[in-house]
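[1] task: produce atomic coordinates for the following.
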Amino acid sequence: MRRLRNLLEVVTAFLAAAVACLSVMMPVDFARVSGSSALHQYLMVVNVPRADTAGAVSAVVAVVMAVSFGDTRLTWIAASVTGVALLANFLLSRAFDTDVSLATANYIDSIFGGVLLGLVGAAVLRRWVPGAAFMLGAIASVVFGDLTELPSTDSTYTGLGSDSPPLWSIVAVVVLILVSTRWHRRRRVEVVLDRDAPFGSVVAAAIISGSTLLAAEWFAGHKVGVFPATLAVLATVLIAVLSAFILTGRDGSIVLIGVAFAAASSAIVAVPLPNWVLPILFLAVAAGLWTGDRWRYPLAAIGLVGALAIFAALAPDSDGRQWVPVIGALALAAIAGFGFGAAPPRLIQNRVVGIAVLFVPSVVLAIRGANDSLVGYSRLWYRSPGAEHEPFAGWTALAITLGCALGLLWLRAVRPAVPGRMDSARAQRDSREEDQ
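    Residues are numbered from 1 along each chain as shown. Here you go, the predicted structure:
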């Protein structure tokens, strides 16, 4: 029975993280968006980055609250309620066929997805195996969601689908969480937090999410050029460094790596992709996560992100060169896993902060959507195979990466290393389980 319970927790952690991240990142029901008027399409795409930002902040608030209360029973109960609400929103948003409800449903979808991510993270990240499954599900779904191609009759690859997460996955998550809630009904976990204010994670997430979005929207409203790009890069780096120093110890390393990666991944040529790439992308994320966990070297992670940005700037167009997006997508997936494996925060809530950073569109994404004055890959948000290659986006991402690398060096110079992982003896001492 114990083995079955452990297996269930691993599956729940993986699938819940995947569904939660896709709920935040993916606009609801692409078919209705593409069939709407131009005005409603514009309003929908304009609100997607804002909904993503709301989901990012919601995730961090949820995990901080759950860790602060320190009661696993309440955490699983809250996750059950959130999962049911997410399912209800999925069904109701398709029952009301109006353009007005679509944007609202997208906000609700992102917020509930963020809350679910934070609650499940608080419940499983204390243990290594379910924690690793949670991180794998979250990072892989972020990669798949980001690489989703603009659906069309000529598309060879559509990521996880144009209407993600699919209904069956949400139902499965709700059932699994309800079972986990039943099994944890007698377990209570009391967590002793550090002396630092636990809401420092919320402050950091709010600063970096809100400020990054404002910078991206400001840049989207200006003509692409060196001067506005310089201002946007400086603002992005300063925001990232400030947020990194708000977090405890060296936990801010994941923020700096995440900001740099978000910029580089937005610049990369990654579509069109053949269908057979999907399982290899998943394996690339898993291999990167495992390698990073074995070789804890954050500077190597941000160096790889810099190489990704250079590839984005120098790679040719994908026209007639299918190897370009395939290499770009595989490199993106592997580096995403390695970055999060190489710099795991010591505190549970700060791991969720690192994931939340990937939700917020960067100024590089604003460069990709500059022709439409949008923060998005295309007029309908998704990556478009027909979009022109933007070397300037790659160089901008490289500048952001270099700034984040300097911030990482500064952080490591002034903040002493704290020995031990989150699942080490210190974490076990700070987390006491009592079966009642």
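[2] show me what contacts residue 408?
    Contact partners of residue 408, counting by Cβ atoms under 8 Å, 6 or more residues apart in numbering, are 244, 253, 256, 257, 298, 299, 302. Using the backbone N, CA and C atoms, a C-beta is placed for each residue, glycine as well.
[3] the strands in this protein, which residues?
    187-191, 431-435 (DSSP state E).
[4] lowest average confidence across those strands, which one?
    Across the strands of the chain, strand 431-435 has the smallest mean pLDDT, namely a mean of 39.
[5] give me the distance between residue 142 and residue 355.
    7 Å (Cβ to Cβ, to the nearest Å).
[6] overlap in contacts, the two.
    Counting by Cβ under 8 Å, 6+ apart, the shared contacts of residue 142 and residue 355 are residue 21.
[7] between the two, which has more neighbouring residues?
    residue 355 (29 against 26; other Cβ atoms under 10 Å).
[8] leaving out sequence neighbours, find the closest residue to that one.
    Excluding the flanking residues, the one nearest residue 355 by Cβ to Cβ, 6 or more residues apart in numbering is residue 138, at 5.1 Å.
[9] so that neighbour touches residue 23, yeah?
    No: checked against Cβ atoms under 8 Å, the pair residue 138 and residue 23 is beyond contact range at 11.7 Å.
[10] okay, now the unreliable bits of the protein?
    Low-confidence segments of the chain (pLDDT under 70): 28-37, 40, 96-101, 151-164, 186-198, 317-321, 418-436.
[11] mind listing residues that contact stretch 369-385?
    Under the contact criterion Cβ under 8 Å, 6+ apart, stretch 369-385 has outside partners 27, 30, 33-34, 41-42, 44-46, 48-49, 146-151, 155, 162, 213, 216-217, 219-221, 223-224, 266, 270-272, 318, 361, 365-366, 368, 387.
[12] now the helices for the stretch 51-200 of the chain?
    Applying DSSP state H, counting those that start in this stretch to the stretch 51-200 of the chain gives helices spanning 72-95, 99-124, 128-146, 167-183, 200-220.
[13] deepest-packed of these, please.
    Comparing the helices of the stretch 51-200 of the chain by mean neighbour count (mean count of other Cβ atoms under 10 Å), helix 99-124 ranks first with a mean of 26.
[14] what's the angle between it and helix 128-146?
    When axes from the mean of the first three to the mean of the last three Cα atoms, to 10 degrees is applied, the directions of helix 99-124 and helix 128-146 differ by 160 degrees.
[15] got the contact list for residue 141?
    Residue 141 is in contact with 17, 18, 19, 21, 22, 25, 160, counting by Cβ under 8 Å, 6+ apart.
[16] repeat the analysis, applying 7 Å as the threshold.
    Residue 141 is in contact with 17, 18, 21, 22, counting by Cβ atoms under 7 Å, 6 or more residues apart in numbering.
[17] among these, name the ones in helices.
    Those of these mapping onto helices are 17, 18, 21, 22, per DSSP state H.
[18] buried stuff in stretch 389-407?
    By neighbour count on 16 or more other Cβ atoms under 10 Å, the buried set for stretch 389-407 is 389-390, 392-405, 407.
[19] quick one: it to chain centroid distance?
    19 Å (Cα atoms, centre = their mean, to the nearest Å).
[20] residues near residue 222, how many?
    Counted by other Cβ under 10 Å, the residues lying close to residue 222 total 15.
[21] quick one, phi psi at it?
    Main-chain dihedrals, residue 222, degrees, to the nearest 10: phi -120, psi 160.
[22] is it in contact with residue 229, as I believe?
    No: look at residue 222 against residue 229 with Cβ atoms under 7 Å: they stay out of range, at 9.2 Å.
[23] which other residues reach stretch 231-238?
    With contact meaning Cβ under 7 Å, 6+ apart, stretch 231-238 is reached by 212, 215, 219, 259, 362, 363, 396, 399, 400, 403, 404, 407.
[24] okay, buried residues for it please.
    For stretch 231-238, a neighbour-count test (16+ other Cβ under 10 Å) marks 232, 233, 235, 236, 237 as buried.
[25] JSON lines for those residues, including distance to residue 208?
    Shown next, in JSON lines, are these (distance: Cβ to Cβ, whole Å):
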{"residue": "232", "distance to residue 208": "14"}
{"residue": "233", "distance to residue 208": "15"}
{"residue": "235", "distance to residue 208": "11"}
{"residue": "236", "distance to residue 208": "9"}
{"residue": "237", "distance to residue 208": "11"}
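[26] just curious, which of the residues you listed is nearest to residue 53?
    residue 236 (14.3 Å; Cβ to Cβ).
[27] and the closest one, how close does it get to residue 217?
    As for residue 236, its distance to residue 217 is 13 Å (criterion: Cβ to Cβ).
[28] same thing with residue 376?
    11 Å.
[29] ok, residue 80 next?
    36 Å.
[30] could the contacts of stretch 231-238 be laid out in JSON lines, adding distance to residue 350?
    Below are the contacts of stretch 231-238 laid out as JSON lines (distance: Cβ to Cβ, whole Å):
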{"residue": "212", "distance to residue 350": "17"}
{"residue": "215", "distance to residue 350": "23"}
{"residue": "219", "distance to residue 350": "28"}
{"residue": "259", "distance to residue 350": "14"}
{"residue": "362", "distance to residue 350": "20"}
{"residue": "363", "distance to residue 350": "24"}
{"residue": "396", "distance to residue 350": "27"}
{"residue": "399", "distance to residue 350": "26"}
{"residue": "400", "distance to residue 350": "21"}
{"residue": "403", "distance to residue 350": "21"}
{"residue": "404", "distance to residue 350": "16"}
{"residue": "407", "distance to residue 350": "16"}
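[31] what's the most distant pair in the residues you listed?
    For the contacts of stretch 231-238, the farthest-apart pair by Cβ to Cβ is 219 and 407; their separation is 20.3 Å.
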